[in-house]
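Asks: heads up, no residue letters with this:
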Ligand code: TRP
């Protein structure tokens, strides 16, 4: 008997245009897993985007645009199964079922929930207005568990910030199985994403679109040069200890915004180019001008095929919609089987009617 190939699942928040932080933090690993021939489910977590909604946002449009960029980077909807969460309603049905066994106290320990409470500066009681957090946000780990369990994923590659949520999904699945005395839900494993966390062009810890410190995969050469030239390099180079030219050793010894330039150079340029510029830094030469133009060239070389593929006539909103439909059709039978078996395990029985 041949072993069924491992099922990988990861969710992508709909954020629109992708930047280098997204690429080296997630896209690249998706491509590596796809190249290994594993069964990869990558879905756009559009319902998750609603957990903090204040006004209408055109997520449908943002999703299409973002997926065109993913495809331009090499994600292949014939190899990987790419769909929208909202096109798989069995997920929300499973989330409802799992919600029945998820304790409030358990959910209140969720990191996203706790961080949001902290950011708003409210206690869990929330003062006079009460806790301002939505039911949807508090329950988002349940929805995330449903995303994972519905396709019987074996492995869930996530960044550190999402690891606890995967653990919560594992807990919920085990609780479900033990409470209803059946091995209904397949228990997944969290796997660390061997990803680089890119600093922003302003030198802050994380590149982000909302932080306005990002370098985009679709930025044209003029914009790339303009953004790179604007990076702060006013300070003179400091000392670098040790002989090693390993980016992970030298970059932390630089001022953060200079480090951001070197990090990008290490990811886009050949090793000898990177090492040449580390040498210039060590010798404290005047080199920031050439560092910036050289980096801009390498970034543009990196972006060029992505920009071309983004504009390809084979990669349009229509083609994206087409594969979203096809792939939603492919996952639906698996998803329905999972939710039906959960209904059966809980005792309400399989559905008598489904549209
Ligand atoms: N919550 C994740 C995030 O904020 C996205 C996500 C939703 C996800 N469902 C998932 C990731 C399932 C992995 C598996 O980034």
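Replies: Done, it's in. Just so you know, these numbers come straight off a predicted model, no measurement behind them.

Asks: so residue 177 touches residue 171, yeah?
Replies: No - look at residue 177 against residue 171 with CB atoms under 8 Å: they stay out of range, at 11.0 Å. Backbone N, C-alpha and C define where each C-beta goes, glycine included.

Asks: name the element residue 276 belongs to?
Replies: According to DSSP states H and E, residue 276 maps onto helix 271-282.

Asks: meant to ask about residue 115, not that
Replies: Per DSSP H and E: helix 111-120 holds residue 115.

Asks: does that helix come close to the ligand?
Replies: No - figure legend: helix 111-120 not in contact with the ligand (CB under 6 Å from any ligand atom); closest approach 7.1 Å.

Asks: off-centre distance for the following helix or strand past that helix?
Replies: Scanning forward in sequence from helix 111-120 by DSSP H and E, the next helix or strand is helix 135-138. From the chain centre to the centre of helix 135-138 is a distance of 20 Å (CA atoms, centre = their mean, to the nearest Å).

Asks: report the buried residues of helix 135-138.
Replies: 137, 138 (16 or more other CB atoms under 10 Å).

Asks: neighbouring contacts of it?
Replies: The contact list for helix 135-138 (CB atoms under 8 Å, 6 or more residues apart in numbering) reads 50, 51, 52, 104, 107, 108, 110, 112, 113, 116, 143.

Asks: pull out the buried positions in the helix holding residue 276.
Replies: Going by 16+ other CB under 10 Å, helix 271-282 has these buried residues: 273, 274, 275, 276, 277, 278, 280, 281.

Asks: now, which of the residues you listed sits nearest residue 230?
Replies: residue 277 (18.8 Å; CB to CB).

Asks: which residues touch the closest residue to that closest one other than its chain neighbours?
Replies: Leaving aside its chain neighbours, residue 277 sits nearest to residue 291 (5.6 Å; criterion: CB to CB, 6 or more residues apart in numbering). Residue 291 makes contacts with 233, 261, 265, 277, 280, as judged by CB under 8 Å, 6+ apart.

Asks: can you tell me how far residue 72 is from residue 309?
Replies: 4 Å (CB to CB, to the nearest Å).

Asks: and those two? which has more neighbours close in?
Replies: Between residue 72 and residue 309, residue 72 has the larger neighbour count (other CB atoms under 10 Å), namely 20 against 16.

Asks: tell me which element the more buried one falls in.
Replies: helix 59-73.

Asks: list the buried residues of stretch 315-334.
Replies: Applying 16+ other CB under 10 Å to stretch 315-334 flags 315, 319, 320, 323, 324, 327, 328, 331, 334 as buried.

Asks: can you tell me the element the last one falls in?
Replies: Right, the one you point to is residue 334. Judged by DSSP H and E, residue 334 forms part of helix 317-346.

Asks: now the one residue in the stretch 1-150 of the chain that gets nearest to the ligand: phi and psi?
Replies: Relative to the ligand, the nearest point of the stretch 1-150 of the chain is residue 11 (2.6 Å; CB to the nearest ligand atom). For residue 11, the backbone dihedrals (degrees, to the nearest 10) come out as phi -110, psi 150.

Asks: enumerate the beta-bridge partners assigned to it.
Replies: residue 43 (DSSP bridges).

Asks: what is the helix holding residue 115 packed up against?
Replies: For helix 111-120, the packing partners by 3 or more CB pairs under 8 Å, 6 or more residues apart in numbering; DSSP states H and E come out as helix 135-138, helix 140-150, helix 160-179.

Asks: what residues sit buried inside the helix or strand just after the last one?
Replies: The first helix or strand that comes after helix 160-179 along the chain, using DSSP H and E, is strand 189-192. If you call a residue buried by 16+ other CB under 10 Å, then strand 189-192 has these buried ones: 190, 191.

Asks: now the following helix or strand past strand 189-192: mean pLDDT?
Replies: Once strand 189-192 ends, the next helix or strand along the chain (criterion: DSSP H and E) is helix 221-229. Mean pLDDT, helix 221-229: 97.

Asks: so which elements touch helix 221-229?
Replies: helix 288-310.
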